[in-house]
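> Sequence and predicted structure are below.
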Amino acid sequence: MKHPYWLAIIWLFVLVCSIHLLNSDLFDMDLLEELFWAALSVSLTLQVYAYLGNKLLITAWVVYCTGLILDLLDDLVDTEIFPVLLFDTALKNIGFLLTCMGLYLLILEKRKTIKKLNHEIQLSQKLQQQLEQEANHDQLTGLGNRRACFTRFEQLKSHYQRVYYFDLDNFKFANDKYGHQCGDLILTSFAKRLSTKFRQHNCFRLGGDEFIAFCNDDSPNLNELREYLIADMKEFQVSVSIGTAPLCPEQDPDTILHNADQNMYVDKSHKAERNKEPS
């Protein structure tokens, strides 16, 4: 039988008993109150029974309701005939204590669940940050990658006046001669100096040995900049060609980078004058 029918039967019984008590010599306001609270407690227990998985709480409420019913019968039946009625108060107290214990354990369980969820959320956020880091940053140098560059280009263009285009000279020669480990060291060293000069969030590795950086220096001294950037790479006969282009608001990223790239090749054409080593 479904709970609504049980509830209807319980409150119909309460109504009939109340009418009977009002019309009998046994009428007592305390008895009527006990009848009401017993019916209310049993009704609430039936309502939450299907949704509550805590067996201790269910047991506690059943014990408490049993005590209420015995307390009600205590006024109607002689305890000498039915001695178990003497346990009404004890059952209510036990039910109350079990309810407190059940609620306490339920709170502990929920706290553990919340703690576990918070831990999973932190792991998820950490994983998301890691994925974003890997998607937008060069793994070797830690600089933004090509994708990050074009994603942020319009934003950077509105804050800065000029873009620099860098291409390492003789990098392949050094990489083949000294090994890939040395090649990685050259790239990371260059990226570190580039970040120090232009700030890391303004620097990007487009791929291979090509880098770009944004700044507000409108009259750069390329020779001084070159000497600073290759200070750690001279022993490997590696230099850098530099091209610049203004960040014109009306030009798209491809056009601006193309202009900087062309100017870089102009600078690269003078490489022989700067570096006598084979390329």
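Right, received. Where do you want to start?
> mind listing the strands for the stretch 101-250 of the chain?
Applying DSSP state E, counting those that start in this stretch to the stretch 101-250 of the chain gives strands spanning 162-169, 203-207, 210-215, 239-246.
> would JSON lines of the ones you listed with distance to residue 63 be doable?
Yep, even glycine has a C-beta here, placed from its N, CA and C like the rest. Output for those, formatted as JSON lines (distance: least, CB to CB, whole Å):
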{"stretch": "strand 162-169", "distance to residue 63": "78"}
{"stretch": "strand 203-207", "distance to residue 63": "70"}
{"stretch": "strand 210-215", "distance to residue 63": "74"}
{"stretch": "strand 239-246", "distance to residue 63": "83"}
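> Compare those and give me the one nearest residue 57.
strand 203-207 (59.6 Å; CB to CB).
> what angle sits between the closest one and strand 210-215?
Going by axes from the mean of the first three to the mean of the last three CA atoms, to 10 degrees, strand 203-207 is angled at 160 degrees with respect to strand 210-215.
> Show the average pLDDT along strand 203-207.
Strand 203-207 carries an average pLDDT of 95.
> Can you list the buried residues in it?
203, 204, 205, 206 (16 or more other CB atoms under 10 Å).
> where does the stretch 51-200 of the chain have low pLDDT?
The stretch 51-200 of the chain contains residues with pLDDT under 70 at 51, 74-86.
> residue ranges for the helices of it, please.
55-74, 88-136, 146-157, 171-178, 180-198 (DSSP state H, counting those that start in this stretch).
> Single out the most deeply packed of those helices.
Counting by mean count of other CB atoms under 10 Å, helix 55-74 has the highest mean neighbour count of the helices of the stretch 51-200 of the chain, with a mean of 19.
> now it against helix 88-136, angle please.
160 degrees.
> by contact count, what packs against helix 55-74?
Helix 55-74 makes packing contacts with helix 29-49, helix 88-136 when contacts are defined by 3 or more CB pairs under 8 Å, 6 or more residues apart in numbering; DSSP states H and E.
> closest one to residue 220 among those?
helix 88-136 (26.8 Å).
> can you tell me which of the helices and strands packed on helix 55-74 comes nearest to residue 229?
So among those, helix 88-136 is nearest, using CB to CB, at 23.4 Å.
> hang on, the earlier thing: distance to residue 13 added to the helices and strands packed on helix 55-74, as CSV?
Shown next, in CSV, are the helices and strands packed on helix 55-74 (distance: least, CB to CB, whole Å):
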stretch, distance to residue 13
helix 29-49, 8
helix 88-136, 19
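> Ok, which of those helices comes nearest residue 163?
helix 88-136 (18.4 Å).
> you'd agree residue 35 is up against residue 16?
No. Assessed by CB atoms under 8 Å, residue 35 is found out of contact with residue 16, at 10.7 Å.
> The two: who's more crowded?
Using other CB atoms under 10 Å, the more surrounded residue of residue 35 and residue 16 is residue 35, with 19 against 10.
> Next, find the distance separating that one from residue 42.
Per CB to CB, to the nearest Å, residue 35 is found 11 Å from residue 42.
> who does residue 205 bridge with?
Assessed by DSSP bridges, residue 205 has beta-bridge partners residue 211.
> From residue 117, how far out is it?
38 Å.
> Residue 40 now?
35 Å.
> Dump the helices of the stretch 51-200 of the chain into TSV; add distance to residue 240 as well.
What follows is those, written out as TSV (distance: least, CB to CB, whole Å):
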stretch	distance to residue 240
helix 55-74	73
helix 88-136	24
helix 146-157	18
helix 171-178	9
helix 180-198	7
